[in-house]
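1. Output the structure for:
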Amino acid sequence: MEFIKNGGAAIQRLIDEACESGLRAVTVTGLYEIEQTILIPSDFTLTLMNCHLRMKDGTFCNMFTNASCRTEKARSAEGADRNIIVEGVGRAILDGGEYNGLSESTYGKNGLPHISFNNVLLFANVDGFTVRNLHVRNQRWWALNFVACRNGRISDIDFLADYSYLLPDGTRRFGLGTRAYGSAECGGDDFDYKYILVKNADGIDLRSGCHDIIIENITGFTEDDTIALTALAGSTEALYGVKDMDKDIYNVVIRNVVSSAFCANVRLLNQSGIRLYNILVDGVYDSSKNSPYMGRGGSGVRLGDVHLYGTRHATADETFNITIRNVCSRAGAALRLAGAMKDCRFENIRTFDDASLRIEDNASVDISGFIKD
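-> Predicted coordinates for the structure are as follows:
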């Protein structure tokens with residue numbers, strides 16, 4: 001395929017001209033190589049019609065951010081960008097292209113930027129947004145990342161992460177065998193998770209400060225979590241957090257997820273005093289059976305963690321009113337629970353291929369809805 005060079009600049013000009021004319025909407029068609037981040041302003045609709053956008057080799061930038069992202073304006077609630085729509089029509093592909101080597105272990109070294117520059121789409125402090133009907137391929141880290149965003153909908157997204165790995169001799173292989181990640185026989189007798197080329201290639205991530213969001217109709221293969229709600233106080237929050245807004249994640253609905261994922265199809269986590277509450281997960285199906293990309297995943301739905309990612313684990317008063325229902329999984333644990341929680345309910349959790357329920361460290365957990373076929 002022949003991609004139009006300098007596509008990022010070309011699309012940015014279309015957006016800027018639409019704003020100047022007062023139209024505030026653009027439809028993009030064709031094949032573009034993206035060499036710079038495309039900034040989407042408030043009250044704007046970007047329609048991607050039967051197009052393929054591919055990151056240029058060797059770039060260290062996002063494909064899309066909201067216009068105020070990484071500015072001082074975005075660090076206050078009043079500085080939010082508002083009412084942004086990114087939608088595909090037909091087959092719209094957002095492609096990370098060749099991996100650039102920027103990872104959680106290399107960022108900040110030798111002049112490399114923060115790992116978040118590898119998000120395909122990064123929205124920070126956006127009030128009112130829609131991201132829908134997109135095919136995301138070869139994400140270089142988390143694909144769609146949202147920090148301190150609210151009143152949004154993310155729907156009809158299909159993922160296909162890079163599924164290659166490098167052996168110690170430098171040989172690159174594709175397809176990851178028949179067992180859970182990290183096992184000796186996943187992709188060959190010498191396979192180990194450390195050989196995976198693109199690590200932590202999540203699908204959708206909601207970070208601290210996100211609320212009143214619907215995520216639905218999500219499909220495909222992600223190298224790590226397909227959907228992750230992580231209320232943490234890490235480097236991402238230090239860069240993009242909003243000073244005068246609370247950091248909790250709440251009022252989130254996740255529906256109809258059909259995916260294969262090394263780590264979890266859906267992951268929920270909060271620590272360091274940040275709350276996670278009023279969450280509904282309804283309809284998660286593990287599609288890893290006979291997958292050409294991976295074997296058995298780690299978890300269907302994972303709530304909490306035994307590992308510490310911040311100053312302290314959450315209390316039951318910080319993780320509450322969470323409902324997880326209609327899960328069908330063959331992962332190592334169809335439902336994995338850890339840490340303190342209250343007023344949580346688990347209904348119609350079904351397993352196949354010897355999957356199990358795993359309770360690592362829990363408090364006040366009602367597991368009456370657990371069903372093992």
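2. Grab the nearest non-local neighbour of residue 91.
-> Distance criterion Cβ to Cβ, 6 or more residues apart in numbering; nearest residue to residue 91, sequence neighbours excluded, is residue 50 at 5.7 Å. Heads up, the C-betas are built off the backbone N, CA and C, glycines and all.
3. and what of residue 12?
-> Per Cβ to Cβ, 6+ apart, closest to residue 12 is residue 38, 5.5 Å.
4. Any buried residues in stretch 39-58, and which?
-> Neighbour-count burial for stretch 39-58 flags 39-42, 44-48, 51-56 (criterion: 16 or more other Cβ atoms under 10 Å).
5. Mind checking which of those land in helices?
-> In helices, defined here by DSSP state H, there are no members of those.
6. ok, so of those residues, who is nearest residue 26?
-> Comparing the buried residues of stretch 39-58 against residue 26 with Cβ to Cβ places residue 46 closest, at 5.7 Å.
7. Residue 195 versus the closest one, what's the distance?
-> 37 Å (Cβ to Cβ, to the nearest Å).
8. ok, now which ones touch residue 205?
-> Residue 205 sits next to 142, 144-146, 225, 227-230 when contact means Cβ atoms under 8 Å, 6 or more residues apart in numbering.
9. And the next helix or strand past the helix or strand hosting residue 334?
-> In the assignment (DSSP states H and E), residue 334 maps to strand 333-340. Next in sequence after strand 333-340, counting helices and strands by DSSP H and E, comes strand 345-351.
10. Leaving out the residues flanking it, which one is nearest to residue 228?
-> residue 267 (4.4 Å).
11. I misspoke; the intended subject was residue 359.
-> residue 337 (4.9 Å).
12. That neighbour touches residue 360, doesn't it?
-> Yes. Taking Cβ atoms under 8 Å as the definition, residue 337 is a contact partner of residue 360 at 6.7 Å.
13. the more surrounded of those two?
-> More crowded of residue 337 and residue 360, by other Cβ atoms under 10 Å: residue 337, with 24 against 12.
14. Report the beta-bridge partners for that one.
-> Per DSSP bridges, the residues bridged to residue 337 are residue 303, residue 359.
15. cool, and residue 166?
-> Per DSSP bridges, the residues bridged to residue 166 are residue 172.
16. That one: how many residues sit nearby?
-> Other residues within reach of residue 166, judged by other Cβ under 10 Å, total 13.
17. and it, how far is that from residue 250?
-> To residue 250, residue 166 is 40 Å away according to Cβ to Cβ.
18. again with residue 24
-> Counting by Cβ to Cβ - residue 24 and residue 250 are separated by 31 Å.
19. Looking at those two, which one has more neighbours?
-> Neighbours per residue, other Cβ under 10 Å: of residue 24 and residue 250, the larger number sits with residue 250, 19 against 15.
20. Name the helix or strand for the more buried one, please.
-> If you go by DSSP H and E, residue 250 is part of strand 249-261.
21. In contact with the residue nearest to residue 91, which residues are there?
-> 29, 89-92.
22. Tell me the most packed of those residues, by neighbour count.
-> For these, neighbours tallied by other Cβ under 10 Å; top is residue 92, 22 neighbours.
23. Can you check my assumption that residue 311 lies in a helix?
-> No. Counting by DSSP: H, G, I helix; E, B strand; the rest coil, residue 311 falls outside a helix, being coil.
24. Pairing partners for residue 31 in the sheet, please.
-> residue 52.
25. still on that earlier bit, residues shared between the contacts of residue 337 and residue 360?
-> In contact with both residue 337 and residue 360: residue 304, using Cβ under 8 Å, 6+ apart.
26. Enumerate every residue touching the nearest residue to residue 239 once chain neighbours are set aside.
-> Among residues not flanking residue 239 along the chain, residue 114 sits closest, at 6.2 Å (Cβ to Cβ, 6+ apart). Residues in contact with residue 114 (Cβ under 8 Å, 6+ apart) are 107-108, 235-236, 239.
27. residue contacts, the residue nearest the centre of the chain?
-> Central residue of the chain (Cα atoms, centre = their mean): residue 204, 2.1 Å from the mean position. Counting by Cβ under 8 Å, 6+ apart, residue 204 touches 143-144, 146, 154, 157, 215, 218, 226-228.
28. Now do the helices in the stretch 101-250 of the chain.
-> 235-240 (DSSP state H, counting those that start in this stretch).
29. how many other residues sit next to the closest residue to residue 325 other than its chain neighbours?
-> Taking Cβ to Cβ, 6+ apart, and ignoring the residues beside it in sequence, residue 325 has residue 347 as its nearest neighbour in space, at 3.8 Å. Using other Cβ under 10 Å, residue 347 is surrounded by 16 other residues.
30. again with residue 251
-> Residue 251, neighbours per other Cβ under 10 Å, totals 16.
31. do residue 307 as well
-> 9.
32. Can you tell me how far it is from residue 346?
-> According to Cβ to Cβ, residue 307 stands 22 Å off from residue 346.
33. before we move on, what about residue 100?
-> From residue 100 over to residue 346 the distance is 40 Å, taken as Cβ to Cβ.
34. try residue 218
-> When distance is defined by Cβ to Cβ, residue 218 is 20 Å away from residue 346.
35. Quick check: which ranges of the stretch 151-300 of the chain have low pLDDT?
-> In the prediction, the stretch 151-300 of the chain carries residues with pLDDT under 70 at positions 176-192.
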